[in-house]
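Peer 1: the sequence and its predicted three-dimensional model are supplied below.
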Amino acid sequence: MAKVKSSSPQKANYKVKITTNGPYLVTGRVPLSEQIMRVDADGQCHGWKEGKKYPIQESYALCRCGRSKTKPFCDGSHVKAKFDGTEEAARIPYLEQAGEIVGPDLKLTDVQNICASARFCHRSGGTWKLTRQSDEPVARQKAIEEACDCPSGRLVAWDKNGKAIEPDFKPSIGLIEDEQAGKMGPMWVRGGIPIEAADGTTYEIRNRVTLCRCGKSFNKPFCDGRHLK
């Protein structure tokens, strides 16, 4: 159930460090589990269920080239493959990039270039249409559900007082499994975990982002949905 919150505070003991042309180094005993996309009776993505939970570790290295034989963990395959993990994502804060749709009882912000193609926004005419109809209680609730199910944080719903409506995530990483598409999706970093670039700078800390784990994204380190192509 979504809760209204203004932001996600930084968790000082947790971190994802992006290495130069190598894996994601995760420190701080961050929980790791599979997160499986649910599909409703109409074939629309709707909600999540947890799959396999991995044992808690103080630190671990996650594959981001897509070639490891010990996925989700790195086995060094990026070296032989000469993986190019150059980070190309903009260092511009979310709200400075976002477009807006203002409905009667909700506002929706949208940054298309961080879309992970998870398709939760398609149900009942789409999140954008539902936002425009948000004076209707059912439409409002569905718009919030769809925005909150968006793993990349491309879509964020805001109440009429200007507060973001965000899932109440604890710091964790989810390995997205898209069973409908038959694909492994991105890594879902949740709960305000800092992500440090290879050059030592920290990306904007957000409640939810998706990191590429197929190695094909043109928006590294973030997913751009290219795993589906």
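Peer 2: That came in fine, so what should we check first?
Peer 1: helices along this protein, start to end?
Peer 2: Along the chain, counting by DSSP state H, helices occupy 77-81, 94-97, 127-132, 137-149.
Peer 1: now those helices in TSV, with mean neighbour count, mean pLDDT and distance to Arg208?
Peer 2: For glycine as for every other residue, the C-beta is placed from the backbone atoms N, C-alpha and C. Output for the helices of the chain, formatted as TSV (neighbours: other Cβ atoms under 10 Å; pLDDT from 0 to 100; distance: least, Cβ to Cβ, whole Å):
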stretch	mean neighbour count	mean pLDDT	distance to Arg208
helix 77-81	15	97	26
helix 94-97	12	97	11
helix 127-132	22	98	15
helix 137-149	21	98	9
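Peer 1: and Tyr60, which of those is closest to it?
Peer 2: With distances scored as Cβ to Cβ, the stretch of the helices of the chain nearest to Tyr60 is helix 77-81 (15.4 Å).
Peer 1: please enumerate residues in contact with that closest one?
Peer 2: By Cβ atoms under 8 Å, 6 or more residues apart in numbering, the residues outside helix 77-81 that reach it are 21-23, 63-65, 67-69, 83, 85.
Peer 1: include neighbour count and distance to Val30 when you put the residues you listed into a markdown table, please.
Peer 2: Shown next, in a markdown table, are the contacts of helix 77-81 (neighbours: other Cβ atoms under 10 Å; distance: Cβ to Cβ, whole Å):
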| residue | neighbour count | distance to Val30 |
| --- | --- | --- |
| Asn21 | 16 | 22 |
| Gly22 | 19 | 18 |
| Pro23 | 25 | 14 |
| Cys63 | 25 | 16 |
| Arg64 | 28 | 16 |
| Cys65 | 24 | 20 |
| Arg67 | 17 | 23 |
| Ser68 | 20 | 19 |
| Lys69 | 9 | 23 |
| Phe83 | 18 | 23 |
| Gly85 | 21 | 20 |
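Peer 1: which of those lies closest to Thr109?
Peer 2: For the contacts of helix 77-81, the nearest to Thr109 is Arg64 (27.3 Å; Cβ to Cβ).
Peer 1: distance-wise, check that closest one relative to Thr20.
Peer 2: 11 Å (Cβ to Cβ, to the nearest Å).
Peer 1: now do the shared contacts for these two.
Peer 2: Shared contacts of Arg64 and Thr20, counting by Cβ under 8 Å, 6+ apart, come down to Gly85.
Peer 1: remind me which residues of this structure are low pLDDT?
Peer 2: 1-12 (pLDDT under 70).
Peer 1: one more time with 90
Peer 2: Low-confidence segments of the chain (pLDDT under 90): 1-12, 229.
Peer 1: got the contact list for the residue nearest to Asp178 when sequence neighbours are not counted?
Peer 2: Of all residues not flanking Asp178 in the chain, Gly185 sits nearest, at 4.7 Å (Cβ to Cβ, 6 or more residues apart in numbering). If you count contacts by Cβ under 8 Å, 6+ apart, Gly185 has them with 37, 116, 118, 151, 175-178, 210, 223, 227.
Peer 1: the strands in this structure, which residues?
Peer 2: 3-4, 15-18, 24-27, 32-39, 45-53, 59-62, 99-102, 107-110, 155-158, 164-166, 172-178, 183-190, 195-196, 208-211 (DSSP state E).
Peer 1: quick one: strands adjacent to the longest one?
Peer 2: The reference is to strand 45-53. With DSSP bridges as the test, strand 45-53 is paired with strand 32-39 (antiparallel).
Peer 1: chain center to the partner strand, what's the gap?
Peer 2: Put simply, strand 32-39 sits 12 Å off its chain's centre (Cα atoms, centre = their mean, to the nearest Å).
Peer 1: done for today, thanks.
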